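Asks: 3D model of this:
(one chain, ligands or ions: 3)
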Amino acid sequence: MFKLTFLGTGTSQGVPIIGCHCEVCASADPRDSRLRTSALLSAHGLNILFDIGPDFRQQMLRTGTTRIDAILVTHAHRDHVAGLDDVRPLNYFQHGSIPVYLNQQAAHTLQHDYRYIFSPHQYPGLPEVDLHVVNSSFLIPHSSLEVLPIHALHKDLPILGYRVGEMAYITDANYLPPSELAKLLGLKLLVINALRHEKHWSHYSLPEALDIIAQLRPERAYLTHISHELGTHAAVQPSLPEGVFLAYDNLQVTI
Ligand SMILES: [Zn+2]
Ligand SMILES: [Zn+2]
Ligand SMILES: [Zn+2]
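Replies: Ligands and ions are numbered 1, 2, ... in the order given. Got it, this is the predicted structure:
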């Protein structure tokens with residue numbers, strides 16, 4: 001069984017946004033409160049994390065997660081990697097480093113922005129992660145779980161989505177070429193980003209995400225990386241096609 005827990009479903013500033021008093025940011029509905037986008041896949045006895053954003057510590061505490069076997073990074077924007085320093089307690093309790101999978105661009109950015117972690121002159125107490133640049137399918141260590149990277153664009157930035165079995169996780173994309181869409185056929189569960197109603201320069205809008213979903217026809221699709229501009233969960237969910245859902249924090253789905 002695969003269990004996916006949405007740890008965060010908000011865009012880069014989270015929802016509510018500091019200082020904003022719009023209907024969504026002021027909503028009392030917990031489904032309108034969104035930490036930065038991340039999700040935890042539990043499969044084959046492994047815990048696989050999609051992105052490690054600034055709310056990682058809170059997300060681990062909130063879900064009671066005490067072990068991460070692998071981290072699949074979509075790209076190195078801060079809202080997806082800023083929690084990297086907080087892997088330290090997991091290193092301690094797991095007695096070792098955690099493998100991080102990512103593309104060349106993300107590896108380069110992490111090595112630059114987190115130089116203290118990757119410098120050759122390390123001192124004790126640093127986060128321990130092993131970067132693995134991936135282009136094609138790979139196995140999670142000590143398992144038979146195969147992961148297929150999906151190559152997408154986030155404006156000009158090459159980013160990765162990931163397919164694991166019959167589920168796939170795509171965030172911050174605004175373009176998927178036909179060759180990559182072909183890798184997303186036959187899914188039971190598709191997670192894909194949908195920022196707001198209006199077109200955006202670097203993220204799929206809701207109409208664009210719905211168009212991809214209509215092409216791919218997964219059994220179920222969940223939308224994530226949601227801005228306060230999309231509207232309240234209660235207002236938006238009834239407008240979505242059958243089998244398409246707004247994700248929200250702490251939601252668990254199984255396949
Ligand atoms: Zn983002
Ligand atoms: Zn707002
Ligand atoms: Zn981004």
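
Asks: Am I right that Gln237 sits in a helix?
Replies: Yes. Under DSSP: H, G, I helix; E, B strand; the rest coil, Gln237 falls within a helix.

Asks: check contacts around it.
Replies: Phe245, Leu246 (Cβ atoms under 8 Å, 6 or more residues apart in numbering). For the C-beta atoms, the positions are set from N, CA and C on the backbone; glycine is no exception.

Asks: any idea how far it lies from Ile226?
Replies: 11 Å (Cβ to Cβ, to the nearest Å).

Asks: isn't Gly83 right up against Phe56?
Replies: Yes. Assessed by Cβ atoms under 8 Å, Gly83 is found in contact with Phe56 at 2.7 Å.

Asks: Torsion angles phi and psi at Leu49?
Replies: phi -100, psi 130 (degrees, to the nearest 10).

Asks: Roughly how far does it sit from Val244?
Replies: 25 Å.

Asks: Also Gln59?
Replies: Counting by Cβ to Cβ, the gap from Gln59 to Val244 is 24 Å.

Asks: Looking at these two, which is more packed in?
Replies: Remark: of Gln59 and Val244, Gln59 carries more neighbours, 26 against 21, as counted by other Cβ atoms under 10 Å.

Asks: need the contact list for the more buried one.
Replies: So Gln59 contacts Leu7, Gly8, Leu35, Ser38, Leu40, Thr65 (Cβ under 8 Å, 6+ apart).

Asks: How about stretch 23-33, which residues are buried there?
Replies: Neighbour counts over stretch 23-33 (16 or more other Cβ atoms under 10 Å) mark Val24, Cys25, Ser27, Arg31, Asp32, Ser33 as buried.

Asks: Out of those, which two sit at the greatest distance?
Replies: Maximum pairwise distance among those (Cβ to Cβ): 13.3 Å, between Cys25 and Arg31.

Asks: interface residues of this protein facing ligand 2?
Replies: Residues of the chain lying near ligand 2 by Cβ under 5 Å from the ion: Ile17, Cys20, Cys22, Cys25, His228.

Asks: in the stretch 1-150 of the chain, what residue is nearest ligand 3?
Replies: His77 (3.5 Å; Cβ to the ion).

Asks: Report the closest residue of the stretch 151-255 of the chain relative to ligand 2.
Replies: Counting by Cβ to the ion, the stretch 151-255 of the chain gets nearest ligand 2 through His228, at 3.5 Å.

Asks: From Ile255, how far off is that residue?
Replies: 30 Å.
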